[in-house]
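[1] below is the sequence, then the predicted model.
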Amino acid sequence: MSNDSTSLNSARHYDEVPYPGLPVARSQPEWLATVGKLRGMQPADAAVARVLELGCASGQNLIPLAERAPQATFLGIDYSARQIALAQEAAADMGLTNITFRQQNILDLEAELGTFDYIVAHGVYSWVDADVRDKLMAVCRHHLAPQGIAYVSYNTYPGWQVHDMFRAMMKYEGRNARGLGEKLSSARKLLEFLQASLTTDAPYDALVQSELSLLLKQGDDYLRHDHLEEVNHPVYFRHFMAHARTHELQLLGEGTLGIRSTDYLDPEAEQNLNQITDDPIEKEQYRDIVRNRTIRQTLLCHQAVALERGPTTERLKGMYIESHLKSDNPEVDATSPIAERFSTPGGLRVSTAVPLIKAALVHLGEIWPNYIPFEELVAVARARIEATTDPPTPVPPSEIERLEDNLLQCCAGGIIEVHSQPPSFTPSPTTTPTACPAARWQAARGEVVTTRRHQALRLEPFDQHLLLLVDGSRDAAQLLDDLTTAVTEGRLAVWDGQQHVTGAARAREILSDALPCALTRLAQNALLVA
């Protein structure tokens, strides 16, 4: 089959079964700028940048970004006419004038396209033929601004070798199927047969069962496009980087690793790795083998850009940081020599007995979900410790340096998040709260919305209904009135224990307790704007 006919078939498949669009947090320009600045680049301000997305599907990654940054410009390109039509309709419904969607083959992109500060290609590289992969890299080379950053995601070996096994089995099972429906049906029957036939006693059975449990939860769109497409081309990381180098592109970072560009193993493994190779790309390839990595979100920039080895405390200055930290001890005494342990909702932990560091971590937890400039956090922590003595005793400069170094370590470990811009959401509800327009548009059409952190969030029915009302025109009393009316009219369900409430008086009583918590929840989920 020719590459052109393969592309046409691929586009037809996405027309038949559109891939559900979702935001990709690590592809947002603000995050790309953060990584670039920490490595010594001078990337464009995300608020006014020019952004290109290749393989934009129905625009669900690009549209929330365009709504958030009205002074920036966005171009989305996809070969699927149906998905482009959906994207254009959504952008028009929201009244966005800074975003354009075009149905076009990547191979046909013209030289007059211009330059972009950020180029995104999520879920493209592994699903296209070699000539399209090469064109994608060429676009990054020729259309990326001198200080521009490209995000390219792709399936990786060795982790995808297990997926390849299932892909081969499902394609074999559906070899005689007529039409897409029969192919999907035969694939599911095979998966169900394997699940019923294997135990978890043998190593092979356990490996297959763990993968089956994930596959059987996926919808037809995932099976169709991730396992039954004619082209699915996972690569080893070193092969991907070799391809990038032929287009004079270099490694900037890795979305799946946060602000770290490499995924360090334990000290003994790293020591052994040093004996095998000195090449940083080869080292990272070995780390992929140890981790059995299945996907990468690689950030690229021009080879001519001079990069610093890694983030430094000096580079953190001018950045914003935040963390949803909680201490195991609800009343932390920062001046005590006793070590305190802090943790994030994701299970990351840090323990310290250093007063200045404890003060900084406590403050981050207190102000979350708000961000704070790095220098301001250092100043606040210092002031909190100095205020504990009478007269105040200045904190030595060596302790300030120690605090900065420890905050950098927390950032590298993912305990603290780093941002190049202040938050685009309000951390607490205002008198007349307002939800971001993109999320309100999405809530009117389903329960999944995109937060201002550029993450997908599935709303509970109550929060979904509330989000539609939070348009800046209603205070808490008016919101309570409208919610009560929705209950009495049967548009919103409220429960008192196991009993369904329909009466206005009891509904209002329950809603008056639930509303403040729900508004705070919306704010903490980065769905409210000033």
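    Thanks, I have it. Numbers count the residues shown, from 1 in each chain.
[2] mind listing the helices for the stretch 51-200 of the chain?
    62-68, 81-93, 130-143, 160-173, 180-197 (DSSP state H, counting those that start in this stretch).
[3] pull out the buried positions in the longest one.
    Residues of helix 180-197 classed as buried: Leu180, Lys183, Leu184, Ser186, Ala187, Arg188, Leu190, Leu191, Leu194 (neighbour count, 16 or more other Cβ atoms under 10 Å). Using the backbone N, CA and C atoms, a C-beta is placed for each residue, glycine as well.
[4] can I get the helices of the stretch 51-200 of the chain in CSV with distance to Arg452 and mean pLDDT?
    Formatted as CSV, those follow (distance: least, Cβ to Cβ, whole Å; pLDDT from 0 to 100):
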stretch, distance to Arg452, mean pLDDT
helix 62-68, 7, 97
helix 81-93, 18, 96
helix 130-143, 27, 97
helix 160-173, 33, 84
helix 180-197, 36, 85
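[5] Throw those into CSV and include distance to Ala339, thanks.
    Written out in CSV, the entries for those read as follows (distance: least, Cβ to Cβ, whole Å):
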stretch, distance to Ala339
helix 62-68, 40
helix 81-93, 51
helix 130-143, 47
helix 160-173, 41
helix 180-197, 46
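[6] so which of these gets nearest Thr389?
    For Thr389, the closest of the helices of the stretch 51-200 of the chain is helix 62-68, at 44.5 Å, according to Cβ to Cβ.
[7] who's in contact with the closest one?
    By Cβ atoms under 8 Å, 6 or more residues apart in numbering, the surrounding residues in contact with helix 62-68 are 23, 28-29, 51, 53, 56, 72, 74, 76, 87, 90-91, 94, 96, 98-99, 120, 424, 436-439, 450, 452, 454.
[8] grab the nearest non-local neighbour of Arg315.
    The shortest distance from Arg315 to any non-neighbouring residue, by Cβ to Cβ, 6 or more residues apart in numbering, is to Leu38 (4.9 Å).
[9] how close does the one you found sit to Pro369?
    Using Cβ to Cβ, to the nearest Å, Leu38 is found at 22 Å from Pro369.
[10] ok, these two, which is more surrounded?
    Set Leu38 next to Pro369 and count neighbours by other Cβ atoms under 10 Å: Leu38 wins out with 26 against 18.
[11] go ahead and confirm that one touches Ile259.
    Yes. Counting by Cβ atoms under 8 Å, Leu38 does reach Ile259; the two are 5.6 Å apart.
[12] shared neighbours, these two?
    Joint contacts of Leu38 and Ile259 (Cβ under 8 Å, 6+ apart) are Pro311, Val418.
[13] strands of the stretch 151-300 of the chain, start to end?
    249-254, 295-302 (DSSP state E, counting those that start in this stretch).
[14] list the buried residues of the shortest one.
    Using 16+ other Cβ under 10 Å as the test for burial, strand 249-254 gives Leu249, Leu251, Leu252, Gly253, Glu254.
[15] what sits against Gly365?
    Ser323, His324, Leu325, Lys326, Ser327, Phe342.
[16] now do 6 Å
    Listed by Cβ atoms under 6 Å, 6 or more residues apart in numbering, the contact set of Gly365 reads Leu325, Lys326.
[17] helices of the stretch 251-400 of the chain, residue ranges please.
    267-276, 280-291, 313-316, 355-367, 374-386, 397-412.
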